[in-house]
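Student: Next input, structure requested:
(one chain, ligands or ions: 1)
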Amino acid sequence: MAQQLELIPLHPVASPFLKWAGGKTQLLKQFEPLFPPKFERYIESFIGGGAVFFHLFSFGRIREARLSDNNEELINCYQVVKTDVSELISLLKTHQKCHNEDYYYHMRSLQPIDLSLVERAARILYLNKTCFNGLYRVNRKGQFNVPIGSYENPAICNEDALTAASRVLENVTILHADFEECTNAAQTNDFVYLDPPYSPISETANFTQYTKDGFSGKDQQRLATVFEQLTTKNCYAMLSNSDCEPIRQLYQKHHIETVRAKRAINSKATARGAIGEIVVRNY
Ligand SMILES: C[S@@+](CC[C@H](N)C(=O)[O-])C[C@H]1O[C@@H](n2cnc3c(N)ncnc32)[C@H](O)[C@@H]1O
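Tutor: Numbering: from 1, shown residues only. The predicted structure is shown next:
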């Protein structure tokens, strides 16, 4: 009888360990033909849940990577998953046992500054898995203010997913930084994927505040300047954003494709629809 060959992936397969608004998992199939076939380093400066990074890594397309975000709590999660995953898993198991409404609001009220780095990461992962819609939203003082979600039995500690992510992140550079700082290091033939907070398409659309400073029209222009600098340096640059005239204007010299994504399109999370987003590429 012919022996069946077992297919063993070359790299540990991992996927996002956090739910993140604007996550790209549902778009990966549409993105696949748009990625450059070959590149040197991979750079992603609005990492969020990291759907694109984990996808490309799992398919053996990334040898060296530099990831960043300016959300300090999020980046601390990546650093702790990378360096201290066993302790993180043990704290999450405790949160899993203790979870109820009072416990959620107690954890939410804690000040990150009073906790160790691993406690901070466990708190954010716990809140992420149990809060309303997995949203990350802070008030002007930077305090997490999302109410509890209505899950029957939320999976708070996914040990396998965290361990796989930890292995993937082993040799990856992770920075808490503004996007300009992270992309400054890009060199010829590096692939830079940029997924900023989207330009609002309506008055009510811009309800996701990932950090206390938000992302303004000036930031969108600053990002377009970075995109031009990457083009001058002969990097492969790919950017996602909402499909609206001001953004199309900023990138009119480049290739623009439309993709369809299901998103919460206004402040009511129940109001979901497939909306057009654009992907801009300089190659
Ligand atoms: C649309 S989300 C990225 C989603 C991600 N691609 C995914 O698949 O989950 C945008 C991210 O940009 C980050 N961000 C906002 N302003 C930033 C800035 N000035 N520099 C770097 N990151 C920023 C937010 O914290 C958020 O994680």
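Student: Would you tell me which residues of this protein are close to the ligand?
Tutor: Selection of the chain residues close to the ligand by C-beta under 6 Å from any ligand atom yields 20, 22-24, 45-46, 48-49, 51, 69-71, 74, 178-179, 195-197, 210-211, 215, 219. To be clear about C-beta, it is placed using only N, CA and C from the backbone, and glycine gets the same treatment.
Student: try 5 Å this time
Tutor: Proximity of the chain to the ligand, by C-beta under 5 Å from any ligand atom, involves residues 20, 22-24, 46, 48-49, 51, 69-71, 178-179, 195, 197, 210, 215.
Student: if you look at those residues, which of them are in strands?
Tutor: The strands, defined by DSSP state E, take in residue 69 from these.
Student: Can you select the buried ones among the residues of the chain next to the ligand for me in ChimeraX?
Tutor: Per 16 or more other C-beta atoms under 10 Å, the buried members of the residues of the chain next to the ligand correspond to this ChimeraX selection:
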select :20,22,23,24,46,48,49,51,69,70,71,178,179,195,197,210,215
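Student: Looking at the residues of the chain next to the ligand, which are in helices?
Tutor: Those of these mapping onto helices are 51, 179, per DSSP state H.
Student: Please enumerate the strands of this protein.
Tutor: Counting by DSSP E, the strands of the chain are 42-44, 65-69, 173-176, 191-194, 236-242, 255-264, 272-281.
Student: The third one pairs with which strands?
Tutor: In its sheet, strand 173-176 lies beside strand 65-69 (parallel), with partners assigned from DSSP bridges.
Student: for the first one, same thing?
Tutor: Each strand pairing with strand 42-44, determined using DSSP bridges, is listed with its direction: strand 65-69 (parallel), strand 191-194 (parallel).
Student: From the chain's centroid, how far away is the longest helix belonging to the chain?
Tutor: When the chain is parsed with DSSP H, its longest helix is helix 217-232. In this view, helix 217-232 has its centroid 20 Å away from the chain centroid, taken as C-alpha atoms, centre = their mean, to the nearest Å.
Student: tell me the angle of it relative to strand 236-242?
Tutor: Per axes from the mean of the first three to the mean of the last three C-alpha atoms, to 10 degrees, the angle that helix 217-232 makes with strand 236-242 is 160 degrees.
Student: how about helix 217-232: buried residues?
Tutor: Across helix 217-232, burial judged by 16+ other C-beta under 10 Å covers 219-220, 222-224, 226-227, 230.
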